[in-house]
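> Need coordinates for the following:
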Amino acid sequence: MLGDIVTGENATIMGGLGNLVAAVLCENRPAPLLRVGVEDEFSQSGLIGGGKDGLRDHFALGARDLPVAVRNCLSKK
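Numbers count the residues shown, from 1 in each chain. This is a model prediction of the structure:
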């Protein structure tokens, strides 16, 4: 039995690793999946201050954000 699966990407989640994992799960063994990455949106990255850290904060991709995402995924069981 598969447990929860979380994929993380530093780019858009559309067409990324999470989509590939979702396709395999759908065809073989459905399991809870959380795709962490940039949502499908027009990014104003040039207007977000703080450089890379500002972008990580804006898209909730920092080291502190990932455990929160995992806990949220686990709480959906």
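> looking at it, F59 is touching V38, isn't it?
Yes. Checked against CB atoms under 8 Å, the pair F59 and V38 is within contact range at 5.1 Å. Backbone N, C-alpha and C define where each C-beta goes, glycine included.
> To what extent is I5 buried, counted in neighbours?
I5 has 16 neighbours, counted by other CB atoms under 10 Å.
> The residue nearest to it when sequence neighbours are not counted: what's it in contact with?
Spatial nearest neighbour of I5, chain neighbours left out: L33 (4.9 Å); criterion: CB to CB, 6 or more residues apart in numbering. Shown in contact with L33 (CB atoms under 8 Å, 6 or more residues apart in numbering): D4, I5, V6, T7, G18, V21, A22, L25.
> Looks to me like the fourth one is in a strand.
Put plainly, it is T7. Yes. Assessed by DSSP: H, G, I helix; E, B strand; the rest coil, T7 belongs to a strand.
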